[in-house]
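Visitor: below are the sequence and a predicted model for it; my questions follow.
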Amino acid sequence: MLVVSPSEVRFGGVTLERVELFAVSRKAVELVVEWGDAGPRPMFADAARIETRIMVVSEVVRTPPREMGVDTPVPGDLGVLSCAVSVGSGVGPWNGGRTPIVVASAMVTKVEYDFENQRGGVARRRIEFLALSSDGVIAEISVGGAA
C-alpha cells in the first residue's frame, strides 16, 4: 500500500507534519517450501512468518534550535500509527466524503535524515516502523472509514 501526500499521519498521539509518503511493505521472513520427487520445482509453499513494515517520509523545515521537535520518535517507541486519506465523493467504497484510515500498533525501528542539495536543499526524514499484531494471528493493520 502506498499513500502519497496523506492528509494526516499520527504516531503516539503526535501529528507528523509535512508527510509526503506513507508506505506499507510486507515480507515473508520464514518460508515453508516442499518439493516432490518428480522434478526440481516446488509443489507447496507457505509464509510461516510475515513482517509488516511501514515507512513515513516527511519534509523537514528549518526551525530555531529551541523549537526543534522533541516529539520526534526514536527507535523503540511504541504507539498507534494512523494515516488519514482525504477522498472526494467519487467512485469506490469511500465515497460520500468519508476518510479512510489506516491504523496499526507499531514500534519505531529507524529514524534517518537525508539532504538532497540538487533538489533545492530539501531535507527529508524517514521513519520506519514494525507493525505489531495483538496476538500474532490478527492482522497488524486495519483499514476503515472514519465519519
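Guide: That came through, no problem. Numbers count the residues shown, from 1 in each chain.
Visitor: the strands in the protein, which residues?
Guide: 2-4, 8-11, 14-16, 19-35, 42-60, 78-84, 99-116, 122-132, 141-146 (DSSP state E).
Visitor: elements contacting the third one?
Guide: Secondary-structure packing of strand 14-16 (3 or more C-beta pairs under 8 Å, 6 or more residues apart in numbering; DSSP states H and E): strand 8-11. Bear in mind the C-beta positions are built from the backbone N, C-alpha and C, glycine included.
Visitor: by contact count, what packs against the strand it packs on?
Guide: strand 14-16, strand 42-60, strand 78-84.
Visitor: pairing partners for the first one, with directions?
Guide: Read it as strand 14-16. strand 8-11 (antiparallel) (DSSP bridges).
Visitor: residue closest to the middle of the protein?
Guide: residue 54 (2.6 Å; C-alpha atoms, centre = their mean).
Visitor: residues contacting that residue?
Guide: Residue 54 is in contact with 22, 23, 24, 25, 81, 104, 106, 128, 129, 131, counting by C-beta atoms under 8 Å, 6 or more residues apart in numbering.
Visitor: run a quick neighbour tally on the last one.
Guide: Using other C-beta atoms under 10 Å, residue 131 has 20 neighbouring residues.
Visitor: could you do the third one as well?
Guide: Residues lying near residue 24 (other C-beta under 10 Å) number 19.
Visitor: could you measure from it over to residue 40?
Guide: Taking C-beta to C-beta, to the nearest Å as the measure, residue 24 falls 34 Å from residue 40.
Visitor: got it, and the fifth one?
Guide: For residue 81, the distance to residue 40 equals 43 Å [C-beta to C-beta].
Visitor: of the two, which one has the most company?
Guide: The neighbour count for residue 81 versus residue 40, taken as other C-beta under 10 Å, is higher for residue 81 (25 against 6).
Visitor: quick one on the thing from earlier: quick one: which of the strands of the chain is nearest residue 72?
Guide: strand 99-116 (6.8 Å; C-beta to C-beta).
Visitor: and stretch 7-15, C-alpha only, in CSV?
Guide: What follows is stretch 7-15 as a C-alpha-only set of coordinates in CSV (Å, rounded to 0.1, in the frame of the first residue of the first chain):
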residue,chain,number,x,y,z
SER,A,7,-4.0,14.3,4.8
GLU,A,8,-2.8,13.4,8.3
VAL,A,9,-0.3,10.9,9.9
ARG,A,10,-0.2,10.5,13.7
PHE,A,11,2.0,8.4,15.9
GLY,A,12,1.5,8.0,19.6
GLY,A,13,-0.9,11.0,19.7
VAL,A,14,1.5,13.3,17.9
THR,A,15,0.8,14.6,14.3
